[in-house]
Structures are given as C-alpha cells and as structure tokens.
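Q: Quick one, structure for this:
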Amino acid sequence: MEGPEVERSEVELRVAARPAHLSTVRAVAGAIARSTPELAIDLVIAVDEACTALIARSREPDAQMLCRFTREGDSVRFRAEVRSTAVTVPDHDSLYWRVVSSVTDAVATWVDGEGRLRVELRCRA
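A: Below is the predicted model:
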C-alpha cells in the first residue's frame, strides 16, 4: 500500500556572503514556507542565524554563499555553505546554536575538507 504523494520542490540561491544579502535569503525562506505560517517564522529565524554565522566566518571579501532549500510536504531542509578560514564550528553554548536549535528539528554545522563551512537544518510544521 502506498501513501499519498508528498509534494517536493527545490530552490538554489547563490549570493555574495555579505550582510546586505540576508534579506534576500530570508525572503526566499519565507516564500518556501508561506503556506504554513508557523513553519515560515521558524525557518526564517533559523536561516537568518545560520547565514549570519556563515557570513561572519567567510574567507574572502568576494566569497559566495550557496543556499539550497528543499520543501517536502510540511518539512523544509536548508543547506548552506561558504568558503571559510574557520577550523571549528560555533560552540553548542553559543547564542547561534541556542537560537537555531530552538526553532529547528535538526541542525548540523561542520567544516569540510575543502575549507567550506557548512550548515544543514530541518524545520517541520
């Protein structure tokens, strides 16, 4: 027996890793989750905090931040990355971690072997 088909959509966004572009990323997050107001609020807060942390740790002045949103039914997965000189991720006692983990169902932040700081989070309605 098969369950109902879950609607899936994906959006990829590449912007300069600068605070001036946070409003664009927040707008996309809100649009992705607009049909579920509670999800939209949590997603926008989490995306804003995650992107702010990435921008603060970006490597070059002309660094690009790559953001991917995947909507599956009442859930949104957000992934973002930026080249970074950071060798550690934000501490679990940091304000960033407390805010993001309080409004998401799952969050992970790591530095990969190619010098990119990455974040992945999931919000469900």
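
Q: and Arg98, how many neighbours does it have?
A: 12 (other CB atoms under 10 Å). (Glycine included, C-beta is placed from N, CA and C.)

Q: Counting by contacts, list what the helix or strand it falls within packs against.
A: Per DSSP states H and E: Arg98 is located in helix 95-103. Packed against helix 95-103 by the contact rule (3 or more CB pairs under 8 Å, 6 or more residues apart in numbering; DSSP states H and E) you find helix 37-56, strand 106-111.

Q: Tell me which of these sits most buried.
A: helix 37-56 (a mean of 21; mean count of other CB atoms under 10 Å).

Q: picking up where we left off before, can you lay out the helices and strands packed on helix 95-103 as CSV showing mean pLDDT and distance to Ala80?
A: Shown next, in CSV, are the helices and strands packed on helix 95-103 (pLDDT from 0 to 100; distance: least, CB to CB, whole Å):
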stretch, mean pLDDT, distance to Ala80
helix 37-56, 92, 6
strand 106-111, 91, 10
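
Q: mind checking which of those is nearest Arg122?
A: Of all the helices and strands packed on helix 95-103, it is strand 106-111 that lies closest to Arg122, at 4.5 Å by CB to CB.

Q: Turn the helices and strands packed on helix 95-103 into a markdown table, including distance to Val11.
A: Listed next are those as a markdown table, based on distance: least, CB to CB, whole Å:
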| stretch | distance to Val11 |
| --- | --- |
| helix 37-56 | 12 |
| strand 106-111 | 19 |
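
Q: Now do the buried residues in stretch 64-76.
A: Going by neighbour count (16 or more other CB atoms under 10 Å), the buried part of stretch 64-76 is 65-67, 69-71, 75-76.
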